[in-house]
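Enquirer: Pasting a predicted model and its sequence here:
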Amino acid sequence: LPKMRALKVFSNVPILFVTGSVDLDSQNACWEAGASDFIGKPIAPSTLLHRVRTHVLNKLRYEQLERLTYKDSLTDTFNRHYLNENVDAVIKQVKRFNGYFGLLMLDVDYFKTYNDYYGHQKGDKCLVEVARAIKNALHRPQDTVVRFGGEEFLVLLPFTDEQGLKHVADNILTNLTSLNIPHEQSPIGRVSISIGGVTCKLDLDNDHSMSKLIKAADENLYSSKSNGRNQYKSTIIHVEK
């Protein structure tokens, strides 16, 4: 159960124990294992039904609160508050397994001119489509998209090496190409994005700074833009405080 709880997909899922032992030690073992509740045998069907219903409703309330607190209302991606509150836990999990952590920073090319030419309403719609294209390139529940600024996004990719990072970046670029959103003020002729990436091996022997990872990804993003935009550049680094 602790291994399940360590996975983002199961971190907030209610888990109920059904047990024939109701002594104090057994109850404590259930709580310490990460249980949301437990039911003693013999099971009364009405009690089981009401317990499950209560936990499902509580989870739905939690998800609604999470959306209000951690989600960007326009793009339905996570926001900076989520990044600040949760990224340390993600890094600790990757460090525990001595794994790679991947980060992408993305910026919509010539977005100011898009807004000026098409209007802010169209600009908002464009950001929604871009965010959807990014999310559609991700296939693991632990991969996270954060709206970092006006037209900037971060993609957090735990347990992802350089090859995996490039695969995700290529998929995002392909998705944007397929959307083919017109942008008459861009030399590319359509809405495009530039991407900077970084991968870092995390281990328990060193501390690692998310701000330095973001800085490295931002530098690679700047290189992508300087070299003509609509492309991806990444580096591998080993960050120490």
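Expert: Now that the structure is in, tell me what you want to look at.
Enquirer: so where do the strands sit in the chain?
Expert: Taking DSSP state E, the strands of the chain run over residues 16-19, 37-40, 100-108, 144-147, 152-158, 193-201, 232-237.
Enquirer: Show the average pLDDT along the third one.
Expert: Put plainly, it is strand 100-108. Mean pLDDT, computed over strand 100-108, is 96.
Enquirer: State the paired neighbours of that strand in the sheet, together with their directions.
Expert: Each strand that pairs with strand 100-108, with its direction, by DSSP bridges: strand 152-158 (antiparallel), strand 193-201 (antiparallel).
Enquirer: okay, the angle between it and strand 232-237?
Expert: 150 degrees (axes from the mean of the first three to the mean of the last three CA atoms, to 10 degrees).
Enquirer: Could you provide the strands of the chain in a markdown table, with additional columns for distance to E129 and mean neighbour count?
Expert: To be clear about C-beta, it is placed using only N, CA and C from the backbone, and glycine gets the same treatment. Shown next, in a markdown table, are the strands of the chain (distance: least, CB to CB, whole Å; neighbours: other CB atoms under 10 Å):
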| stretch | distance to E129 | mean neighbour count |
| --- | --- | --- |
| strand 16-19 | 40 | 15 |
| strand 37-40 | 42 | 16 |
| strand 100-108 | 10 | 25 |
| strand 144-147 | 13 | 22 |
| strand 152-158 | 12 | 24 |
| strand 193-201 | 11 | 25 |
| strand 232-237 | 19 | 18 |
